[in-house]
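> Need the 3D shape of this:
(2 chains)
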Amino acid sequence: MLTIAGRKFRSRLFGGTGKFSSPEVMKEALAASGCEMVTVALRRIDLNNPADDIMSVLDRERYLFLPNTSGARDAAEAIRLARLARASGGGEWLKLEVTPDPRTLLPDPIETLKATEELVKEGFKVLPYMNADPILALRLQDAGAVAVMPLGSPIGTNQGVLTRFQIEIIIAQAQVPVIVDAGLGAPSHVAEAMEMGADAVLVNTAIAVAGDPVRMARAFAMAVEAGRIAYESGLGAVRKDAAPSSPEDGLGFLR
Amino acid sequence: MKVFCNGEAQEIAPGSRAIDCLNKLGLDASSVVVECDGKILTREEYGSHALQDGSVLELIRFVGGG
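Residues are numbered from 1 along each chain as shown, chains lettered A, B, ... in the order given. The predicted structure is shown next:
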């Protein structure tokens, strides 16, 4: 069972709550995914549509909220958002995101580390979204992050695990759980991450924008489970040359 | 007096508290976090924090996100 900061999770799939066509579809898809932790964002209330409240459809008993700091472009903005999240009743858990470039949404490593150091001091359980940099993962871990969240590929791109080499090193070195986040666009992508030994994955866009988000959520859940079982079972070695699966002996009667 | 809520000017009675502003805008205080002139208010302060003419309020809440 996965444990992060002393809390146990049966499911190794974490869900995002953005981009769903309706709150009802989101609720049903999250239920189908089996996830126990969901990310949420913080934004200004639309004063022309004040009834639009996501909290009314999400069961806080069922899901641990992981507020994110999406939209923050530096450490100061992320820290402000984190404090607002806590004041909103979001608890101590925080997905720290610092993305200065809206085109790539790649995380700023220096600002992310600075914000992690400050927010850990303030008592947050910080899960930083980070580029797949093994050295940075260790620095964030040393700063007190309770998990690290290296990206597979840029947010919302559905390109899968383009950072395989680096994520393998992060997994081999990290003392905290490794949650592969961002860009996981298909069940095969999450299966790949889990087979590599990732502790969990976070998926939002690929489920939310699917033709049938509820069935897609189920497909992702199955892939996460399959990948984890494969990892725990020990995958066979990759080799260059062919090796016959059938016995090489006993063919004397052919020639 | 005039305060600014999420960038929009709102006319409210002198001596109004943060909660009065939320009520006027039809917002459920339990799902809103209020930042007034850069300071985050606790829920307990909504009823006691007096707004000033020209106060800038940010009214924030959770939305869907990844």
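> what's residue 54 in contact with, if anything?
Assuming you mean chain A. A:17, A:23, A:40, B:62-64 (C-beta atoms under 8 Å, 6 or more residues apart in numbering or on different chains). Just so you know, the C-beta spots here come from the backbone N, C-alpha and C atoms, and that holds for glycine as well.
> right idea, wrong chain: chain B
Contacts of residue B:54 (C-beta under 8 Å, 6+ apart): B:1-4.
> Return the member of those nearest to residue A:188.
residue B:4 (49.6 Å; C-beta to C-beta).
> The nearest residue to the closest one once chain neighbours are set aside: neighbour count?
Leaving aside its sequence neighbours, residue B:4 sits nearest to residue B:56 (C-beta to C-beta, 6 or more residues apart in numbering or on different chains; 4.8 Å). Neighbour count of residue B:56, defined by other C-beta atoms under 10 Å in any protein chain shown: 15.
> Retrieve the pLDDT associated with residue B:56.
On pLDDT, residue B:56 comes in at 94.
> Can you list which of the contacts of residue A:54 are found in helices?
residue A:23 (DSSP state H).
> which among the contacts of residue A:54 end up buried?
Neighbour-count burial (16 or more other C-beta atoms under 10 Å in any protein chain shown) applied to those gives A:17, A:23, A:40, B:62-64.
> interface residues of chain B facing chain A?
When proximity is defined as C-beta under 8 Å from any C-beta of the partner chain, chain B approaches chain A at B:5-8, B:25-28, B:31-33, B:35, B:40-42, B:58-66.
> Buried among those? Make that a ChimeraX selection.
In ChimeraX syntax, the buried subset of the residues of chain B next to chain A is picked out as below (16+ other C-beta under 10 Å):
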select /B:5,6,25,27,31,32,33,35,40,41,58,59,60,61,62,63,64,65,66
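> Narrow the contacts of residue B:54 to those in strands?
B:2-4 (DSSP state E).
> Just to check, the residue nearest to residue B:4 is in contact with residue B:8?
No - look at residue B:56 against residue B:8 with C-beta atoms under 8 Å: they stay out of range, at 10.9 Å.
> Can you tell me how far the residue of chain B found nearest chain A is from residue A:69?
Residue nearest to chain A within chain B (C-beta to the nearest C-beta): residue B:65, separated by 2.6 Å. In this structure, residue B:65 and residue A:69 are 10 Å apart, going by C-beta to C-beta, to the nearest Å.
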